[in-house]
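> need a structure here:
(one chain, ligands or ions: 2)
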Amino acid sequence: MLVTLEGLDGSGKTTVWERLRADDALPNDAVFTREPTDSWYGDAVMRSIEDDDADSLAELFLYTADHAAHLADTVRPALEDGKLVVSDRYSDSRYAYQGATLGDSDHFEDPLAYVQRVHEPWTRPPDRTVYLDLDPETAARRSGATNKFETADYLADVRANYERLVDADPDRFVQVDATQEPDTVYERVLDAIRD
Ligand SMILES: Nc1ncnc2c1ncn2[C@@H]1O[C@H](COP(=O)(O)OP(=O)(O)O)[C@@H](O)[C@H]1O
Ligand SMILES: Cc1cn([C@H]2C[C@H](O)[C@@H](COP(=O)(O)OP(=O)(O)O)O2)c(=O)[nH]c1=O
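Ligands and ions are numbered 1, 2, ... in the order given. Here you go, the predicted model:
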């Protein structure tokens, strides 16, 4: 079973993911993973994130390459072994974030749908996605605005894209209000995974 955690920068995904990893409530052979990955593909992505002038389309394909390697090296083998996989960010991050960065491009009428089409033939959709919902201002403040994506204006576009994804696939998504106390957020996420 593949569970993914999604949300704006600062929504608390990593906090929850680390706590899940330490929690005996989940199987002890569960695989905890993340995108961008800890690999040379992920390193290439991080270089792009730090480059304010990176080309948005080139960046989409860097992230997508990282996802392909993540699937081949980590996600598919673990699922074939019957393990629970919990990923901090996954394909919906591309649909929401690159769907927003490509919004200014003349090439696409609907960038989010284009990014989904790029993935569709070969990705492995999550069985459940927990979406930590947070307003863009709090997200930018909590994340410390350390990279080009962490501005409230940009994050507002990303949030609108996440909302579109949630509306299109209500059975897969569980939405959690990320402004709640960390313990409450954690309990909601754990319930969603156990369910
Ligand atoms: N429910 C919460 N309420 C208030 N602050 C939180 C909450 N969850 C996380 N934080 C804080 O917000 C910041 C970003 O959290 P983090 O887990 O790194 O988010 P993300 O991985 O989604 O970017 C951290 O300083 C963290 O301690
Ligand atoms: C995985 C992924 C991340 N990102 C962005 C979101 C973040 O701003 C940045 C780094 O991701 P991450 O390290 O998960 O940031 P955070 O913990 O603050 O949420 O990369 C994309 O734009 N597309 C993607 O496909």
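
> where does pLDDT dip in this structure?
For the chain, applying pLDDT under 70 flags no range at all.

> residue 136 and residue 181, how far apart?
Distance from residue 136 to residue 181, counting by C-beta to C-beta, to the nearest Å: 21 Å. Backbone N, C-alpha and C define where each C-beta goes, glycine included.

> neighbour-wise, which of these two wins?
More crowded of residue 136 and residue 181, by other C-beta atoms under 10 Å: residue 136, with 21 against 8.

> now do the contacts for that one.
Residue 136 sits next to 8, 152, 153, 155, 156, 158, 159 when contact means C-beta atoms under 8 Å, 6 or more residues apart in numbering.

> now it. Nearest residue, chain neighbours left out?
residue 155 (3.8 Å; C-beta to C-beta, 6 or more residues apart in numbering).

> among the contacts of residue 136, who's most crowded?
residue 8 (30 neighbours).

> check contacts around that residue.
Applying C-beta under 8 Å, 6+ apart, the residues contacting residue 8 are 132, 134, 136, 139, 143, 155, 158, 159, 162.

> from those residues, which ones fall inside strands?
residue 132 (DSSP state E).

> let me see the backbone angles for the nearest residue to residue 104 once chain neighbours are set aside.
Excluding the flanking residues, the one nearest residue 104 by C-beta to C-beta, 6+ apart is residue 56, at 7.8 Å. Note on residue 56: backbone dihedrals following degrees, to the nearest 10 are phi -60, psi -40.

> isn't residue 56 right up against residue 98?
Yes. Shown here, residue 56 and residue 98 form a contact pair, counting by C-beta atoms under 8 Å, at 7.1 Å.

> looking at those two, which has the bigger crowd around it?
When neighbours are counted by other C-beta under 10 Å, residue 56 and residue 98 differ, and residue 98 comes out ahead with 24 against 15.
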